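> generate coordinates for the sequence data below:
(one chain, ligands or ions: 1)
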Amino acid sequence: MSEQDPILEVENLTKHFVQNDGVLDRLLGADKTVKAVQDISFDIDPGETVGLVGESGSGKSTTARSILHLDRPTSGTVTYDGTDLTELSSKELKRFRKRIQIVFQDPASSLNRRKSVGQIIRQPMKVHGLYKGERTERVEELMEQVGLSPEYSNRYPHEFSGGQRQRVGIARALAVEPEFLVCDEPVSALDVSIQAQILNLLEELQVEYDLTILFIAHDLSVIRHVCDRVAVMYLGEIVEVAETEQLFSSPQHPYTRALLEAIPEPDPELARQRKPLSGEVPSPIDPPSGCSFHPRCPNATEECRSVDPDLTQVEGATDGHAAACIHAETFEPDSGITLESSMGDRYAPENFLHADGPGPRSVEPAEELENTEASE
Ligand SMILES: Nc1ncnc2c1ncn2[C@@H]1O[C@H](COP(=O)(O)OP(=O)(O)OP(=O)(O)O)[C@@H](O)[C@H]1O
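Okay, here's the model as predicted:
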């Protein structure tokens with residue numbers, strides 16, 4: 001880890017949503033509180049890529065939106081480069097957003113279908129009053145950087161494949177030269193054959209733009225080849241943090257172990273030994289007592305029903321490897337799960353690095369469309 005000050009410091013961040021099922025609930029005061037994010041803390045150093053991983057509903061997107069203040073946090077602070085974002089007015093926040101941009105999961109819904117891709121990429125420059133008189137050239141430059149031919153700038157999102165639309169989403173995020181990129185499941189909606197290309201592209205652009213990245217995913221095998229450090233989220237809480245290789249070689253929290261077990265294993269013998277996690281993430285309206293993972297945990301004891309381990313109290317929580325589990329130290333150091341032997345590791349270096357050549361290439365819309373499957 002770098003010895004510089006963190007660029008982003010998230011401290012005791014909490015985001016609750018108030019939900020009611022209609023007018024009657026409102027009148028009766030029967031509002032429910034969705035505890036989407038519960039008192040989480042973590043730092044990101046300049047130039048680092050930190051992964052946030054967890055099942056659907058664990059609070060990853062809400063964390064991202066709260067960091068960007070697209071949703072105002074209920075409590076806690078988000079400090080970016082020494083500025084407490086919770087203190088900023090809406091106008092100051094708008095100015096600030098030039099520095100932090102987001103790439104969304106689903107490029108089909110996050111791009112305005114009535115605008116050409118050129119207009120879409122140009123929009124953030126207009127909002128922030130940048131590149132006046134040079135916007136057309138900047139759009140062309142960005143399209144080339146993300147591997148799209150500028151001659152297609154007048155085409156509309158539906159004329160592109162899913163992978164190409166995500167390239168447009170990335171160009172839009174980079175249009176104002178941000179320092180920090182939040183990538184919210186940027187490849188989850190894409191066909192597997194396209195995922196490595198987009199991850200490659202992000203890796204190249206990270207170097208070019210000197211970016212710090214918060215990378216959100218539910219798939220640990222994506223995280224492994226993209227991130228320096230990982231925070232694992234369950235039901236609104238961070239349950240384990242570690243440098244990436246450490247997390248994979250000696251996961252400490254039973255939930256992290258379960259996520260590793262969930263990675264597909266082609267060898268039937270090894271697949272049989274896997275113990276996939278049963279059940280679903282409980283409702284954040286009424287989370288379980290004690291350790292919130294205890295109802296699904298294979299190692300849970302009576303104590304886990306009442307004791308709620310606080311990650312921030314665990315040694316190494318800010319600069320090393322820490323897990324919020326009272327039994328963490330009793331587990332074997334090695335999980336025995338080898339991703340290298342698994343087809344689940346489709347992002348292994350030989351597949352991942354420069355899967356589509358040494359640099360971003362210009363792709364004809366039709367060419368990549370042919371390579372994508374019906375899922376798009
Ligand atoms: N605006 C909202 N109002 C009420 N509840 C919400 C709202 N946004 C999110 N939630 C709830 O908060 C919890 C966390 O959702 P969130 O989208 O952050 O999880 P996630 O880990 O990003 O999952 P996914 O990958 O499915 O998006 C979920 O139970 C979700 O239903």
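> could you use CA atoms for every contact and neighbour count after this?
Fine.
> run the contact check for stretch 236-251 versus the ligand.
No - counting by C-alpha under 6 Å from any ligand atom, the ligand has no neighbours in stretch 236-251; the shortest distance is 6.8 Å.
> likewise stretch 178-196?
No - on the criterion C-alpha under 6 Å from any ligand atom, stretch 178-196 is out of touch with the ligand, staying 7.6 Å away.
> could you check that stretch and say which residues are buried?
Across stretch 178-196, burial judged by 16 or more other C-alpha atoms under 10 Å covers 178-191, 194-196.
> try stretch 103-118
By neighbour count on 16+ other C-alpha under 10 Å, the buried set for stretch 103-118 is 103, 104, 105, 106, 107, 108, 111, 116, 117, 118.
> so what's the last one up against?
Contact analysis of residue 118 by C-alpha atoms under 8 Å, 6 or more residues apart in numbering lists 139, 153, 154, 155.
> so residue 35 sits against residue 15, correct?
Yes - here residue 35 lies in contact with residue 15, judged by C-alpha atoms under 8 Å, at a distance of 6.6 Å.
> compare these two (neighbour count), which wins?
residue 15 (24 against 21; other C-alpha atoms under 10 Å).
> point me to the helix or strand that includes the more buried one.
Using DSSP states H and E, residue 15 maps to strand 8-19.
> just checking: what are the partner strands of that strand?
Under the criterion DSSP bridges, strand 8-19 sits next to strand 32-44 (antiparallel), strand 75-80 (antiparallel) in its sheet.
> quick check: residues of this structure near the ligand?
17, 19, 34, 36, 55-62, 284.
> those residues: which two are farthest apart?
19 and 55 (21.8 Å; C-alpha to C-alpha).
> neighbour count for the two, which is higher?
Neighbour comparison, residue 19 and residue 55: the larger count goes to residue 55, with 17 against 14 (by other C-alpha under 10 Å).
> the more buried one is in contact with residue 218, isn't it?
Yes - Residue 55 is within contact range of residue 218, at 5.5 Å (criterion: C-alpha under 8 Å).
> any regions of this structure where pLDDT drops low?
Applying pLDDT under 70 to the chain flags the ranges 1-3, 24-30, 318-319, 331-376.
> buried set for the biggest helix by length in it?
Looking across the chain with DSSP state H, the single longest helix is helix 192-209. Residues of helix 192-209 classed as buried by neighbour count (16+ other C-alpha under 10 Å): 194-206.
> right, and the helix or strand after it?
Following helix 192-209 in sequence order, the next helix or strand is strand 212-217 (DSSP H and E).
> that following strand: partners in the sheet, and parallel or antiparallel?
Strand pairing for strand 212-217, using DSSP bridges, gives strand 49-53 (parallel), strand 180-184 (parallel).
> so who does the residue most central in space within the chain touch?
Closest to where the C-alpha atoms of the chain average out (C-alpha atoms, centre = their mean) is residue 216, at 1.0 Å. For residue 216, the contacting residues are 51, 52, 53, 60, 61, 182, 183, 184, 185, 186, by C-alpha under 8 Å, 6+ apart.
> which of the residues you listed lies closest to residue 273?
residue 53 (23.5 Å).
> what's the burial count for that closest one?
26.
> hey, what's it bridged with?
Under the criterion used (DSSP bridges), residue 53 bridges to residue 217, residue 232.
> distance check, it against residue 121.
Look at residue 53 and residue 121: by C-alpha to C-alpha, to the nearest Å, they are 29 Å apart.
> what's near enough to touch residue 293?
Contacts of residue 293 (C-alpha under 8 Å, 6+ apart): 234, 255.
> that older thread, got the strands paired with strand 8-19 as CSV, with distance to residue 296 columns?
Shown next, in CSV, are the strands paired with strand 8-19 (distance: least, C-alpha to C-alpha, whole Å):
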stretch, distance to residue 296
strand 32-44, 19
strand 75-80, 29
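> so which of those strands is nearest residue 130?
Between the strands paired with strand 8-19, strand 75-80 lies closest to residue 130; by C-alpha to C-alpha that is 21.8 Å.
> contacts for that closest one, please.
Identification of contacts with strand 75-80 by C-alpha under 8 Å, 6+ apart yields 7-15, 39, 67, 84-86.
> pick out the most distant pair among those.
Greatest spatial distance in these: 7 and 15, 21.5 Å, computed using C-alpha to C-alpha.
> not counting sequence-adjacent ones, nearest residue to residue 244?
Spatial nearest neighbour of residue 244, chain neighbours left out: residue 229 (4.8 Å); criterion: C-alpha to C-alpha, 6 or more residues apart in numbering.
> what's around that neighbour, how many residues?
Residue 229 sits with 24 neighbouring residues when counted by other C-alpha under 10 Å.
> measure the closest residue to the ligand within the stretch 201-350 of the chain to residue 93 for me?
The ligand sits closest to residue 284 of the stretch 201-350 of the chain, with a gap of 5.6 Å, by C-alpha to the nearest ligand atom. In this view, residue 284 and residue 93 are 29 Å apart by C-alpha to C-alpha.
> when those two are compared, which one has more neighbours?
When residue 284 and residue 93 are compared for neighbours, residue 284 comes out ahead with 20 against 16, by other C-alpha under 10 Å.
> three-state assignment of that one?
Three-state call for residue 284 (DSSP: H, G, I helix; E, B strand; the rest coil): coil.
> got the phi/psi numbers for it?
Note on residue 284: its backbone torsions stand at phi -70, psi 0 [degrees, to the nearest 10].
> who's in contact with it?
Counting by C-alpha under 8 Å, 6+ apart, residue 284 touches 34, 35, 36, 235, 236.
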